[in-house]
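1. next one to model:
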Amino acid sequence: MTKKSVAWIVLAFAFAPSEVGAGEVDVEFIVEAPRDTPKDAVLHISGGAPALGNWSGSGVKLRRQDDGTWRGRVKLPDAQSVEFKITRGDWRSVEKDATGGEIANRKFTAASGLTVRAKVARWAEEGKHADRAAARPPAKSTETGDIRLHEAFESRHLGNRRDILVYLPPDYDKRKDRYPVLYMHDGQNVFDAATSFLGIEWKADEHAERLIHDGRIAPMIIVAIANTPDRMNEYTMVRDKSRGAGGRGGAYAKFLVEEVKPFIDRTYRTNPGREHTGVAGSSLGGLISLEICRRYPEVFSHCGVISPALMWNDDAILRELESSDNAWMKRVKFWVDMGTAEGRQIESFNAAVKRTRRLVEILDKAGLSRGRDYEYMEVEGGQHNEAAWAARFDRVLLFLYAIDESSE
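-> The predicted structure is shown next:
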């Protein structure tokens, strides 16, 4: 099938509000750009709000002024907390620090008459000439193995469409075996740098190919479900008033269980039983994976809870689990992890390690045994991004799908 870039590449760790409410205010941006920025360049403020493009890479357009600065305006809900970065139209042209390294998201709180000033030290080298996008060749795909694309898969539960990518194990077409299935969120980031956020993928296909070839995990199918601009709402079960978003997670879970899984089971040689079915994701994807297994333990038996956004709605998931008997947990095998640097990188993750330890305590109280029923990994210096998750995703696969689990 013909591959295409997924249209919506949404920042996995954005937690600013995503819906506009009453009481809008006018916010002005004034940006100083590097000297080598062409005078006719169009800069963009891309961030966690619809008016800022919902992390699409574009957003509010800034135009060069006679004084050499780039300026633009936007209306935002009063008192809305916003995170953003400056680009020249896409993530390959995002701003960098003076050495070419990544910078933290910029932040402000919307207020009447606010002027947000910023100075860009350097552009990403790949995007140095981002204004000439029409002449730029498409990014090279990094997919490995047999990956099949189902474009614009429609959901009646969510009322939208998205791409679904399916990794098949080696020699799938030459065998008659049936295979376990792992469903993953933020699917455009899972297999291919050409479609992933900032061009960094999880390398789930490369990890699976290597571990299967080495006989360390069972041959398996990985289903990568792309996100949409409604990601923050779809990956959360309840609305977070402080962020003005959330609450469509129940519909997303039904989409996975009642629409995606039946389609995959019809189309591919799966082992459809719960003992062969798992779900995994990072950040809000880790949160919704936990929630899906809680709601559907009769469907899923493996759960990857990677850098989970447990702080959503004032730690609601933790408070609920701490007041429940959690008998469902005994039917699920869990991978849980968190990087120790995630809180320094993202303000809303400043107590992330403490929260994941609370989740581990809940697993212990439910009667689960570490190393057998669950594994918890604190990654020293680990950050909240695709590169960090790619670096340890083989560990996730090994724990959940090892052929000889007693040796893990």
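2. isn't Ser56 up against Asn227?
-> No. Ser56 sits out of contact with Asn227 when judged by CB atoms under 8 Å, with a separation of 11.6 Å. Quick note: C-beta positions are derived from backbone N, CA and C, even for glycine.
3. between these two, which one's more packed in?
-> Neighbours were counted for Ser56 and for Asn227 using other CB atoms under 10 Å; Asn227 has more, 25 against 19.
4. run through who's touching stretch 315-329.
-> For stretch 315-329, the external contacting residues (CB atoms under 8 Å, 6 or more residues apart in numbering) are 237-238, 287, 290-291, 293-294, 297, 310, 355, 358-359, 362-363, 365-368.
5. of those, which belong to helices?
-> Taking DSSP state H, the ones among these that sit in helices are Leu287, Leu290, Glu291, Cys293, Arg294, Arg355, Arg358, Leu359, Ile362, Leu363, Lys365.
6. filter those down to the buried ones.
-> Taking 16 or more other CB atoms under 10 Å as the criterion, what is buried in the ones in helices among the contacts of stretch 315-329 is Leu287, Leu290, Glu291, Cys293, Arg294, Arg355, Arg358, Leu359, Ile362, Leu363.
7. so which of these is the closest to Lys261?
-> Taking CB to CB as the measure, Lys261 lies nearest Cys293 of these, at 13.4 Å.
8. tell me which residues touch the closest one, please.
-> Val279, Phe300, Cys303, Trp328, Val332.
9. state the distance from it to Glu322.
-> Between Cys293 and Glu322 the computed distance is 17 Å (CB to CB, to the nearest Å).
10. the protein: helices as residue ranges?
-> 204-213, 231-234, 249-254, 261-267, 284-295, 312-322, 342-345, 352-365, 386-401.
11. buried subset of the contacts of Cys293, written for ChimeraX?
-> Buried subset of the contacts of Cys293, written as a ChimeraX selection, criterion 16+ other CB under 10 Å:
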select :279,300,303,332
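12. is it possible to get CSV of the contacts of Cys293 that adds pLDDT and distance to Ser155?
-> Converted to CSV, the contacts of Cys293 look like this (pLDDT from 0 to 100; distance: CB to CB, whole Å):
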residue, pLDDT, distance to Ser155
Val279, 98, 16
Phe300, 98, 19
Cys303, 98, 22
Trp328, 97, 25
Val332, 98, 25
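13. the contacts of Cys293 in strands, which ones?
-> Val279, Cys303 (DSSP state E).
14. farthest pair in the contacts of Cys293?
-> Greatest spatial distance in the contacts of Cys293: Val279 and Trp328, 13.8 Å, computed using CB to CB.
15. what about this protein, any weak spots by pLDDT?
-> 1-22, 125-139, 404-408 (pLDDT under 70).
16. is Ala366 in contact with Lys330, as I believe?
-> Yes. Contact criterion CB under 8 Å: Ala366 and Lys330 qualify, at 6.5 Å.
17. more neighbours: which of these two?
-> Ranked by neighbour count (other CB under 10 Å), Ala366 and Lys330 place Ala366 first, with 18 against 12.
18. next, that one: phi, psi?
-> The phi/psi pair for Ala366 (degrees, to the nearest 10) reads phi -80, psi 0.
19. start at 12, not 1
-> Yep, numbering from 12; the last one is Ala377 now.
20. for it, give its distance to Glu389.
-> 20 Å.
21. got it, and Ser67?
-> Ser67 is 33 Å from Glu389, by CB to CB.
22. now Thr247
-> Note on Thr247: its distance to Glu389, by CB to CB, is 24 Å.
23. who has more neighbours, these two?
-> Between Thr247 and Glu389, counting by other CB under 10 Å, Thr247 is the more crowded of the two (26 against 14).
24. related to what we said a few turns ago, out of the ones in helices among the contacts of stretch 326-340, which is nearest to Ile233?
-> Cys304 (17.2 Å).
25. so who does the residue lying closest to that closest one once chain neighbours are set aside touch?
-> Leaving aside its sequence neighbours, Cys304 sits nearest to Cys314 (CB to CB, 6 or more residues apart in numbering; 4.4 Å). Shown in contact with Cys314 (CB under 8 Å, 6+ apart): Gly289, Val290, Ala291, Ser300, Leu301, Cys304, Val343, Lys344, Phe345, Trp346.
26. same question, Ser123
-> Residues near Ser123 by CB under 8 Å, 6+ apart: Val36, Asp37, Asp89.
27. redo that, cut-off 10 Å
-> Gly34, Glu35, Val36, Asp37, Val38, Asp89 (CB atoms under 10 Å, 6 or more residues apart in numbering).
28. same check, this time on Leu411
-> Leu411 neighbours (CB under 10 Å, 6+ apart): 191, 193, 228, 231, 289, 291, 312-315, 344-346, 386, 419.
29. of these, just the buried ones, PyMOL syntax please.
-> In PyMOL syntax, the buried subset of those is picked out as below (16+ other CB under 10 Å):
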select buried, resi 191+193+228+231+289+291+312+313+314+315+344+345+346+386
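30. and Ala121, what does it touch?
-> 28, 34-38, 60, 62, 85-93, 127.
31. now do the shared contacts for Val290 and Trp339.
-> Counting by CB under 10 Å, 6+ apart, the shared contacts of Val290 and Trp339 are Cys304, Tyr307.
32. so this protein: which segments form each domain?
-> Following automatic domain parsing, the chain resolves into domains at 35-146, 157-418.
33. please work out which of these is packed deepest.
-> Across the domains of the chain, the average number of neighbours (mean count of other CB atoms under 10 Å) peaks for domain 157-418, which reaches a mean of 19.
34. great, nothing more from me.
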